[in-house]
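1. Return a 3D structure for these sequence lines:
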Amino acid sequence: MAAGDRRWWLNRKAIVVLWMAASVGIWVGLHCYIRRVSMRKAEEVLVSMCEERARMLQDQFAVSVNHVHALAILVSTFHYQKHPPALDQETFADYTARTAFERPLLSGVAYAQRVVHSERELFENQQGWTIKTMKQEPSPVQDEYAPVIYSQETVSYIEALDMMSGEEDRENILRARATGKAVLTSPFRLLGSNHLGVVLTFPVYRSGLPADATEEERIEAAAGYLGGAFDVESLVENLLRQLAGNQDIMVNVYDVTNTSEPLIMYGPQFPDGYMSFSHISMLDFGDPFRRHQMKCRYSKKPPIPLSAITTPSGVFVICMLAGYILYAAWNRYDNVKEDCRKMEELKKQAEAADVAKSQFLATVSHEIRTPMNGVLGMLDMLLDTNLNLTQKDYAQTAQVCGKALISLINEVLDRAKIEAGKLEIESVPFDLRAVLDDVISLFSAKSREKGIELAVYVSDRVPEILMGDPGRFRQIITNLVGNSVKFTERGHIFVHVHLAEHSNMFMDAKVERGLNGLSGEAKLTSISTVFDTLSGLEAADRRNSWENFKLSLSHEQTWPHSSENGSPYDNRADKVTLMVTVEDTGIGIPFHAQNRVFTPFMQADSSTSRNYGGTGIGLSISKCLVELMGGQINFVSRPHIGSTFTFTAVFQRCGKSVGGDTKRTLSEALPTCFRGMGAILVDRRPVRGAVTRYHLQRLGISVECVSTINEVLNAIQGQNGCLRSGMYSKQPFILLIEHDSWGTKVDVCLRDQLLQLKENGCIPEMPKVVLLATSESDKMKAGSNVDTVIMKPLRASTVAACFQEVLGMGKQQSRDRPKGSAFLNGLLDGKNILVVDDNKVNLRVAAGVLKKYGAKVECAESGRDALSLLQLPHKYDACFMDVQMPEMDGFEATRQIRMMEGKANEKNRNGEETLAEEGFAMAEWHLPILAMTADVIQATYEECMKCGMDGYVSKPFEEAQLYQAVAKFLVSDS
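-> Below you'll find the model as predicted:
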């Protein structure tokens, strides 16, 4: 791992650790915060509860004081204001016992009367007992006494005791009568219960004491003292029981009159529990001289709230999830960034591989086609020599195999160019009908050998000249028709072309799985069943029936003819969408294999590959080419019935100003000498009759179709047996008869009837009888009365040549050399041609082909040799330059030649130098240089144009291509 990447990973780990530490810190901080808030709340609760208890204790104590006050008023009223007193011990004991429920905090009450020493003896005599001290001893002599005269039964043991004999009680009595308020003693252990308590002392005055009396007046008016023992422990215990809740609170009550030595009134001497939280509430029992307080605390530490754990944990989990999401997003970003970097590298590698692939294809193409060029060229030259039949057969067989290999190489290269996206569609004017005728002628021998009908039909609505790529269109048709011929042993192969927008047969995206929607095995029809098709056998796509075909023909008859050349189409639209259908009655495609028909290098099944051969690449290339032409391709196939392939293609309309173009075939234009002639066609099958009519109408011949021979005479004579006026009475006409309507009896009968018509003057002369034959066996049916036999498939040019021969209108052209040879002879005869190639065999082949057409050829084996021969001035009219050569390739040699010519032309324009004195009066030097190589890919063509070459000729030479190349630069001497 690189140092930078290592630091990056270390930084990432450090960030992760910091994030986790921060998350833990957040958990701790949040936990502490929630816990602190909880403790504060617990403290507030403690304060509230303590204050509440203190207030309730004060309230209850005040209620008890009020009852004692009321009792003091009762004693004052009934003991001092009644004479004699209405109150005695029995009455007081009974009353206090009955009203004890009003004083639950008092263990008992008693009344002590104020007695001065001078009245002691009288008092003791009246009461019948002696005043005693707290120790139950006779009270010693003193100024004042406070013996208990009335007491509640619970404290009856204090009767006759002098309350002033105790020091603390004496202080309470003195303070009480001086202030006029209830006063308390310090806490002490109560007799009986042994609880801590205090004694409440309340003064009782004689009547007539004013409210604002002075201390001396209060002392003087004091009559006695009412006291009660408060059980503080019981008071607090009852209070805590009443307020018992979820919180366990401990309470201590203190007498803090002496702050240095507080006295415990309630609670343990040594407090326990949770001492961190405590609260002190001051108590006011009404005694201005004593101070009391209540101290509250929790018995145990308040529990930690659950939220102090759950909330921080939830936040911690959220932080960790957020961190994980950020970390994952970070990693995802890094991965995407790395993937983009890798994709960029892969893209560069793919582009480099694509360049290498193109170079490899060019090299392989060159290396394979170069020797094949030599083989085919030598075979072609061999066939021009005098050979016996066996030798000629061997040479032709080898030539066919070589061309098949070249075709396979071209298919593989096309597929490679399609995958590389470098296959381009050109746009040039071409004759669609001539292209279809040429394709049909390629398979004519095979169709005759098998005895199958092979026909082509083009709707009159289709323009004669279109703008498009004729080579690629021819390739599609050749692939489809070639497959049909390969897999069809009986029946027919029918190619028909219509305008897509006017066709009654529309493309169906779904493959028809069976008959009437059934998906099982195809339903086999009887051999004897005859259908309205080209051959009478059932077709896979029932939409191509005679009814639809007849409807299409009727539309053509009503279509307005608006063009001068007879092409009935609307010139307003720029684009033409054609629908091309190739129908056969072959073996069909199995249902399970129909989904992979367009897969490259895939056959329907292994038996097909063994029985019929092929690479399985043709249909995939056709599909790609159709899509490049802006169309779609589909098919309908049924096993044992046949297949129907339909595709659309978009072309441009071509204006009337476009005349003959180099992309049109070399075949001569159709003759016009047949215009106005008539013909009768005997054909029992309407589709086949329509196809024959199509080819005859292209020659300008009017055709009448009949089903049988017997209808021929009716067509000639008319309904009343008289000669029909019209074409049959003015000029010779032609009688065309299909082979299945002809026989020996028909031959003799028809001949006799025609002779009779001629003798009767019904017809000026005997019509020419032409038999239309599908195979050589049909040709043997022709008798002596048949003037000529036309072998199918029909082509307009072939039909015209036969008619010219049978009618004596002209001589049939020589078949040894096509008319293009005459053009090439005129162009190349006497021309000086330089051929440059490093392969000696290719030099011999190229030189032999050019010499065949009368050219004077010189050869060079390298670019440097060619450069030395082409030093200005030179005598050459053209140069065929190989591209790949050692030392100096064709590209570099061409650049050097163009630079040399450029310098010479510059000097000529400046008048610095002229070659006139040397016999050269050329004003501008530019030698036509044609690339001559086995490469057939677009990159090679672009490189040729870039370096200054004028054209491109691929090996091996073809007559049409050679003519197209040289016709642009050379002028015929004639």
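2. Just the C-alphas of stretch 893-910, formatted as PDB.
-> What follows is stretch 893-910, C-alpha atoms only, in PDB (Å, rounded to 0.1, in the frame of the first residue of the first chain):
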ATOM      1  CA  ALA A 893       4.300   6.800 -50.800                       C
ATOM      2  CA  THR A 894       1.100   8.600 -51.700                       C
ATOM      3  CA  ARG A 895       2.000  11.500 -49.400                       C
ATOM      4  CA  GLN A 896       5.400  11.800 -51.100                       C
ATOM      5  CA  ILE A 897       3.800  11.700 -54.500                       C
ATOM      6  CA  ARG A 898       1.300  14.400 -53.600                       C
ATOM      7  CA  MET A 899       4.000  16.600 -52.100                       C
ATOM      8  CA  MET A 900       6.100  16.200 -55.300                       C
ATOM      9  CA  GLU A 901       3.100  17.100 -57.500                       C
ATOM     10  CA  GLY A 902       2.300  20.000 -55.200                       C
ATOM     11  CA  LYS A 903       5.700  21.500 -55.600                       C
ATOM     12  CA  ALA A 904       5.700  21.000 -59.400                       C
ATOM     13  CA  ASN A 905       2.200  22.600 -59.700                       C
ATOM     14  CA  GLU A 906       3.400  25.600 -57.500                       C
ATOM     15  CA  LYS A 907       6.400  26.200 -59.800                       C
ATOM     16  CA  ASN A 908       4.200  25.900 -62.900                       C
ATOM     17  CA  ARG A 909       1.800  28.500 -61.500                       C
ATOM     18  CA  ASN A 910       4.700  30.800 -60.600                       C
END
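3. Just the buried positions in it, please.
-> Across stretch 893-910, burial judged by 16 or more other C-beta atoms under 10 Å covers 893, 894, 895, 896, 897, 898, 900, 901, 904, 905, 908. Heads up, the C-betas are built off the backbone N, CA and C, glycines and all.
4. which regions of the stretch 651-800 of the chain lie under the pLDDT threshold?
-> Applying pLDDT under 70 to the stretch 651-800 of the chain flags the ranges 655-668, 717-732, 743-748, 761-762, 764, 782-784.
5. Sketch out the strands for it, chain order is fine.
-> 678-682, 702-706, 734-738, 768-773, 788-791 (DSSP state E, counting those that start in this stretch).
6. who's in contact with the longest one?
-> Which is strand 768-773. The contact list for strand 768-773, computed with C-beta atoms under 8 Å, 6 or more residues apart in numbering, reads 692, 732-739, 742, 750, 778-779, 781-782, 785-792, 794, 802-803, 806-807.
7. and those, which are buried?
-> 692, 732-739, 742, 750, 778-779, 781-782, 786-787, 789-792, 794, 802-803, 806-807.
8. so where do the strands sit in the stretch 1-150 of the chain?
-> 106-113, 115-116, 144-145, 148-151.
9. Pick out whichever of the buried residues of stretch 893-910 sits closest to residue 626.
-> Among the buried residues of stretch 893-910, residue 894 lies closest to residue 626 (C-beta to C-beta), at 36.6 Å.
10. Could you measure from the closest one over to residue 946?
-> 10 Å (C-beta to C-beta, to the nearest Å).
11. one step back: to residue 856, which of the strands of the stretch 651-800 of the chain lies closest?
-> In terms of C-beta to C-beta, the element of the strands of the stretch 651-800 of the chain nearest to residue 856 is strand 788-791, at 41.3 Å.
12. Tell me how many other residues crowd the nearest residue to residue 488 once chain neighbours are set aside.
-> If the residues on either side of it in the chain are set aside, residue 488 comes closest to residue 586, at 3.6 Å by C-beta to C-beta, 6 or more residues apart in numbering. Counted with other C-beta atoms under 10 Å, residues neighbouring residue 586 total 24.
13. Can you list phi and psi of residue 586 for me?
-> Main-chain torsions, residue 586, degrees, to the nearest 10: phi -80, psi -150.
14. my guess is it meets residue 481, correct?
-> No. With contact defined as C-beta atoms under 8 Å, residue 586 does not count as touching residue 481 (11.6 Å).
15. ok, residue 150 touching residue 110?
-> Yes. Using C-beta under 8 Å, residue 150 is in contact with residue 110, at 6.5 Å.
16. If you average pLDDT per helix and strand, which one of this protein comes out bottom?
-> helix 727-730 (a mean of 50; mean pLDDT, DSSP states H and E).
17. Sort out which residues of the helix or strand encompassing residue 621 are buried, please.
-> Element membership for residue 621 (DSSP states H and E) is helix 618-628. For helix 618-628, the neighbour count (16+ other C-beta under 10 Å) marks 618, 619, 620, 621, 622, 623, 624, 625, 626 as buried.
18. Could you check the angle the helix or strand immediately after it in the chain makes with helix 618-628?
-> Once helix 618-628 ends, the next helix or strand along the chain (criterion: DSSP H and E) is strand 633-638. Going by axes from the mean of the first three to the mean of the last three C-alpha atoms, to 10 degrees, strand 633-638 is angled at 140 degrees with respect to helix 618-628.
19. quick one: the residue nearest the centre of the chain and residue 342, what's the gap?
-> In the chain, the residue lying closest to the centroid (C-alpha atoms, centre = their mean) is residue 336, at 17.6 Å. As defined by C-beta to C-beta, residue 336 lies at a distance of 10 Å from residue 342.
20. and if you look at residue 178?
-> To residue 342, residue 178 is 107 Å away according to C-beta to C-beta.
21. Looking at the protein, which helix is longest?
-> Looking across the chain with DSSP state H, the single longest helix is helix 307-383.
22. Show me what it is packed against.
-> Packing partners of helix 307-383 (3 or more C-beta pairs under 8 Å, 6 or more residues apart in numbering; DSSP states H and E): helix 3-75, helix 389-420, helix 840-852, helix 938-947.
23. and these, which one's lowest on average pLDDT?
-> Per-stretch mean pLDDT for the helices and strands packed on helix 307-383 is lowest at helix 938-947 (a mean of 73).
24. going on from that helix, what's the next piece of helix or strand?
-> strand 951-954.
25. Please list the outside residues in contact with the helix holding residue 621.
-> Identification of contacts with helix 618-628 by C-beta under 8 Å, 6+ apart yields 411, 414-415, 418, 423, 425, 472, 475-476, 479-480, 482-483, 597-601, 632-633, 647-649.
26. Weed out the non-buried ones from these.
-> With burial judged by 16+ other C-beta under 10 Å, the buried subset of those is 411, 414-415, 418, 423, 472, 475-476, 479-480, 482-483, 597-598, 600, 633, 647-649.
27. The nearest residue to residue 242 once chain neighbours are set aside: neighbouring residues, count only.
-> Nearest residue to residue 242, sequence neighbours excluded (C-beta to C-beta, 6+ apart): residue 56, at 7.9 Å. Neighbourhood size, residue 56 [other C-beta under 10 Å]: 13.
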